[in-house]
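**Q** Need coordinates for the following:
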Amino acid sequence: EGRAYPTHPRRRWSVRRRRDCLPGTMIKLCVPLGIAALLAHEGAAFSAGVRRPRRSTLRATLMDGDAVSSSSTVESKAAAGRALLKAVPLGVGSAAPESKITNDDLEAVVETSDDWIRSRTGIGMRRVLGDYDEMTSGLASLATKAATSALEHGNVDPEDLDLVLLCTSSPDDLFGDATTVARNLGAKNAVAFDITAACSGFLFGTVTASQFLNSGAYRRALVIGADALSRWVDWDDRNTCILFGDGAGAMVLGATESDEEGGILGYAMHSDGEGHGELTLGFEGTGRNLATPQSTRVNKGGYSCIQMNGREVYRFATTRVPQVITEALANAGIGTDQVDWLLLHQANIRIMDAVADRLGMDKEKIITNLSEYGNTSAGSIPLALDEAIKSGKIKKGDVIACAGFGAGLSWGAAVIRWGGDEKALEPFAKNFGPPSA
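**A** All right, here's what the predicted structure looks like:
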């Protein structure tokens, strides 16, 4: 197309640490996994000015388990306590900003093209929040919209919620947004808190909430995945600005009385801090000397833009995700031939295809809306789930293998049987009710 794209195998990719990157309040990085396949294709690496993370331990670990059987029979032994949980999904919802940036739009911002982006990532557009307004264009307001939709879909009253989990790495308030969302919903009987696990967030949050329901401590839980990655993108870097979008999704879960009604069939979760340096959004404050007698040095908080070792992240995702799905299936006591749908964190279509290949699953089973939203981090799984359910693609009783993966490094999977009848659960649910009952 007459554009000079970097193709030299020794070309270095520079992800700039910018002190002037969009300011905000963020605890931890949302995972930019989508660029991983791109970097693997281009043979890129970090620039000399960016510290290269340790790689030996992570690489050795990944090489220990590269092979994943594509057999539909699960031979692994189930792990105690990681099998069926007495919790069932009741409703889903999602929300995304109205503002869209298409691949064609980005041609006016950086040197790129629709064909170049689609062929390397599968992304066609992304949604972005505009100027911050607490009530209309913040992360908490987006999460509230998704949660409201999920409650309506599941026919659940906000006052009947016992637990609200907001899974995000990009809150409006560094102290967390979960209580704000609970207030917005009118969930006055629920305890609310944030979970920060990047793109594994929604998966980890779903398992966490299900444990509370399985134990009998609570009867209704709301899990929200929401992120605003556009706040942390260097919009002058064509390698990263093409990837990210803002979005939110939510799922309501209900406790069940019997194992037979349970909808979380099995799960597995992992993390490896040895790989932390492969994917970060690190602290970058501004120093100041206080006029104390001892001349005290302090820092005003701030963060740089997203930093990633693309090759290692791609290798991590395409290796660990098939393994953890196989582990979750073993805990559920089923094989890949009993899975109706494969729903992964929406990072890059090449990662999804590679995972399906390693599992020996038909690519027609992949649930994806990546082309419409880009990488929305913790919001990606529930956003795609919501669309698939409400379009009639996923039906009650369908078995879905879900996996989240990202910064930490962290990865996890859950086998979910979709659909529960809240009316059938009502007599049991009323027995323990909300804390104020």
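
**Q** quick one, helices of the stretch 251-400 of the chain?
**A** For the stretch 251-400 of the chain, the helices defined by DSSP state H, counting those that start in this stretch occupy 310-332, 349-359, 370-373, 380-390.

**Q** Quick one: low-confidence residue ranges for the chain.
**A** Flagging of the chain using pLDDT under 70 yields the residue ranges 1-76, 420-437.

**Q** go with 50
**A** Filtered on pLDDT under 50, the chain yields the residue ranges 1-61, 63-67, 69-75, 424, 432-437.

**Q** quick one, strands of the stretch 101-250 of the chain?
**A** In the stretch 101-250 of the chain, the strands defined using DSSP state E, counting those that start in this stretch lie at 125-127, 163-167, 191-195, 220-228, 246-255.

**Q** of these, which approaches L85 most closely?
**A** Nearest to L85, of all the strands of the stretch 101-250 of the chain, is strand 246-255, at 9.4 Å by Cβ to Cβ. C-beta here means a position set from N, CA and C on the backbone, and glycine is covered the same way.

**Q** would you put the C-alpha positions of that closest one in CSV?
**A** Presented in CSV, the C-alpha positions along strand 246-255 are these (Å, rounded to 0.1, in the frame of the first residue of the first chain):
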residue,chain,number,x,y,z
ASP,A,246,-13.1,0.8,26.6
GLY,A,247,-16.0,-1.4,27.7
ALA,A,248,-17.8,-3.2,30.5
GLY,A,249,-19.8,-6.4,31.0
ALA,A,250,-21.5,-8.0,34.0
MET,A,251,-23.0,-11.3,35.2
VAL,A,252,-25.4,-12.1,38.0
LEU,A,253,-24.9,-15.3,39.9
GLY,A,254,-27.2,-17.2,42.2
ALA,A,255,-26.6,-19.8,44.8
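
**Q** That strand pairs with which strands, parallel or anti?
**A** Strand 246-255 pairs in its sheet with strand 87-95 (antiparallel), strand 220-228 (antiparallel), by DSSP bridges.

**Q** most neighbours per residue, which of those strands?
**A** With neighbours taken as mean count of other Cβ atoms under 10 Å, those reach their highest mean count in strand 220-228, at a mean of 33.

**Q** Helices of the stretch 51-200 of the chain, start to end?
**A** 56-64, 103-106, 114-121, 139-154, 178-185.

**Q** and the angle for the third one with helix 349-359?
**A** Meaning helix 114-121. Using axes from the mean of the first three to the mean of the last three Cα atoms, to 10 degrees, the inter-axis angle of helix 114-121 relative to helix 349-359 is 30 degrees.

**Q** what comes up buried for helix 114-121?
**A** For helix 114-121, burial by neighbour count (16 or more other Cβ atoms under 10 Å) applies to D114, W116, I117, R120, T121.

**Q** With distance to L106 added, can I get the residues you listed in CSV?
**A** Shown next, in CSV, are those (distance: Cβ to Cβ, whole Å):
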residue, distance to L106
D114, 9
W116, 10
I117, 7
R120, 13
T121, 12
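
**Q** hang on, the earlier thing: wait, which of the helices of the stretch 251-400 of the chain is closest to G301?
**A** With Cβ to Cβ as the measure, helix 310-332 is the member of the helices of the stretch 251-400 of the chain nearest G301 (26.2 Å).

**Q** can you count the residues close to D234?
**A** Using other Cβ atoms under 10 Å, D234 is surrounded by 21 other residues.

**Q** Nothing else from me, thank you.
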